[in-house]
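Q: I'll drop the sequence and a predicted model, then ask my questions.
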Amino acid sequence: MNTAIALRNEIRKGLRFAWSERLQILIELPMFAVFVILLGPLLGQGENLTSGRVDWSLNSQTTSAMVVWMVPFIFFYMQVVKMFWRILGEIQAGTLEQVFLSSLPPWLVAAAGRVVAALLETLFVAAATYGIVSAFVSIHLHWSIAALLPTIAVMIAAIGLSLIIASATLVYKRIQIVNDTVLLVVMIFSASALPLIHVPGWWADVSHAFPLTDAVGSLYNIMIAQHFVTSTWGVGGLVPLLTIPTAYLLAGIGTFIVGERVAKNRGTLGRY
Amino acid sequence: MSTIAAPIAFQTRLARTELVKGLRLMWRRRSMVILGMVMYGATYLGISLFIGGGHLVKDLMARTLPALLAVVVASVATVEGVGGISEEIIGGTLEQTRLSPASPQLQALGRMASLAIEGLAVAIVLGVVFFLAAGLDIKPHPAALIPAVLTILDALGYGLIMTALTVRLPSIGAISHVGNMVVMAFGGMLIPISFFPSGLEIFAKFVPTTLGVLSVNTTLAGRGLGATWSDGTLPWLLVHAAVVFVAGFSLYVINIRRAQREGGLSPR
């Protein structure tokens, strides 16, 4: 009972933080749509550009694939980036130490306080991105209940990654650049799951180790290629789809526990 | 020392102290500076691969590399400028800086000079790495130095505007993030802006660093300063850099003085 109350309080606190950041989210909102609209016509056009030919029309199929790529990334952004800023803010304000007075394990406090807010923020930003992009080109997606599986995989992987970043924040504090680097690498490598560009073999192989790739591949298979999630291996296969996010979550919990111990021992949980 | 020279020497020493403080802070977080350099390089490489359809198009990269370097200077000035001031506000040390005899503009000058050194160091390393590793056909030309210096001033002015807004706007983190994305997207790092549709091209020319990159590219193409002056890019760059730089300084001084009056230099 106490656990449920503590969990509910953390979720409510996360939602209040999210509400206080509503202006920030509104400012960031167009960024994702502009990215899709601007990069869409340029993908793979390098040689044409050097000869001065640019076709600025948006291709429906490519743009639909880019939306499927971008929406899970928005969730990653909302979970990982905002978790970092919140932890840093609490360290600088000196309130992070109070987290350890909670009856819940600290990693659960950190994760639960963010994930529901990130989900709601993503729904809002993704819907707006969808709306803005579809004003320029029609987006064709096959809505299926099966898409819930990769969606949950995205959420689990994002929680895991955000806990790893949060742990690093506890120890090293101002690591905004690490945050950006990690998200960038995750986004770049996840592109190999989509038929947007040809990637070298090593890139395709390495990309499976990143948390977003197979979930994006699975979403593409379900929502655009209209295939069922039955294959075991390959891009978006059931095995990588389930094991990689779980591995990230476990690694996140483990890293957070190590990070909090280091910070406690060094006395760096607060600002002194 | 004469009565005029003494205050000048004192002011110079104050500005130098700020500069040294900035450089010391940079040295303390050198691993983050290196990581940031890797990030900018990876971003550029990733975007180049996306646009090249999985391979690097060297002719295109030769025209977008100067924009990457400008983006780096602008981003470093913004991210570190905003981050530094935010941290000092939360830590309560920004108030202490006002106990110094240095004026806010002198402190801003010192801060920006150290951020310029950091940004330029990262940009130079990235430029050399891409130039050599990708074998880009860029012929460095002394004439390019003039628009390059103006581009740096333009980038620093933009960084200073964002830094100045930190004491007024709680959502500055998001604003600076979006601002840097705009500089990246419309500053010529994705593709040269001459490929944009005309409306977008006009908009892009108002974005910090864009005119500078255009001007640098013209001189690197061997057409000389005369060409970039006569097509109007260099005069507009001069105006743009001056306006942005003066606006940055003025805004910084106004906001710091206002925050000092209203008690906004420390956490509220």
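A: Right, received. Where do you want to start?
Q: any idea how far B:Leu99 is from B:Ser250?
A: 23 Å (Cβ to Cβ, to the nearest Å). (C-beta placed from N, C-alpha, C; glycine too.)
Q: More neighbours: those two, which one.
A: For B:Leu99 and B:Ser250, the more surrounded residue by other Cβ atoms under 10 Å in any protein chain shown is B:Ser250, and the numbers stand at 14 against 7.
Q: Export whichever strand or helix holds B:Val216 to PDB, keeping only CA atoms.
A: For B:Val216, the host element (DSSP states H and E) is helix B:210-220. The C-alpha coordinates for helix B:210-220 follow below in PDB (Å, rounded to 0.1, in the frame of the first residue of the first chain):
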ATOM      1  CA  THR B 210      24.800  31.700 -42.700                       C
ATOM      2  CA  LEU B 211      26.100  34.800 -44.500                       C
ATOM      3  CA  GLY B 212      29.600  34.200 -43.200                       C
ATOM      4  CA  VAL B 213      29.600  30.600 -44.500                       C
ATOM      5  CA  LEU B 214      28.400  31.900 -47.900                       C
ATOM      6  CA  SER B 215      31.100  34.400 -48.000                       C
ATOM      7  CA  VAL B 216      33.800  32.000 -46.900                       C
ATOM      8  CA  ASN B 217      32.700  29.500 -49.600                       C
ATOM      9  CA  THR B 218      32.900  32.200 -52.300                       C
ATOM     10  CA  THR B 219      36.500  33.000 -51.300                       C
ATOM     11  CA  LEU B 220      37.500  29.400 -50.900                       C
END
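Q: ok, is the helix or strand hosting A:Phe35 in contact with chain B or not?
A: Using DSSP H and E, the element containing A:Phe35 is helix A:22-39. Yes: Helix A:22-39 reaches chain B (Cβ under 8 Å from any Cβ of the partner chain) through A:23-25, A:27-28, A:30-31, A:34-35, A:38-39.
Q: Between all of the residues you listed, which two are separated the most?
A: With Cβ to Cβ as the measure, no two of the residues of helix A:22-39 next to chain B lie farther apart than A:Leu23 and A:Leu39, at 26.2 Å.
Q: Who has more neighbours out of those two?
A: Neighbours per residue (other Cβ under 10 Å) separate A:Leu23 from A:Leu39, with A:Leu39 holding more: 19 against 13.
Q: who are the neighbours in contact with the residue nearest to the more buried one when sequence neighbours are not counted?
A: Excluding its sequence neighbours, the residue lying closest to A:Leu39 (Cβ to Cβ, 6 or more residues apart in numbering or on different chains) is B:Phe50, at 6.6 Å. Neighbouring residues of B:Phe50 by Cβ atoms under 8 Å, 6 or more residues apart in numbering or on different chains: A:39, A:42-44, A:191, A:196-197.
Q: how much does the helix or strand hosting B:Phe50 deviate in direction from helix A:22-39?
A: B:Phe50 is part of helix B:30-51, with elements assigned from DSSP H and E. For helix B:30-51 against helix A:22-39, the angle by axes from the mean of the first three to the mean of the last three Cα atoms, to 10 degrees is 40 degrees.
Q: for the helix or strand hosting A:Lys264, packing partners?
A: Using DSSP H and E, A:Lys264 maps to helix A:238-266. Using 3 or more Cβ pairs under 8 Å, 6 or more residues apart in numbering or on different chains; DSSP states H and E, the elements in contact with helix A:238-266 are helix A:106-134, helix A:148-172, helix A:213-223.
Q: okay but A:Val137 is in contact with A:Trp56, surely?
A: No: applying Cβ atoms under 8 Å as the test, A:Val137 and A:Trp56 come out as separate, 11.4 Å apart.
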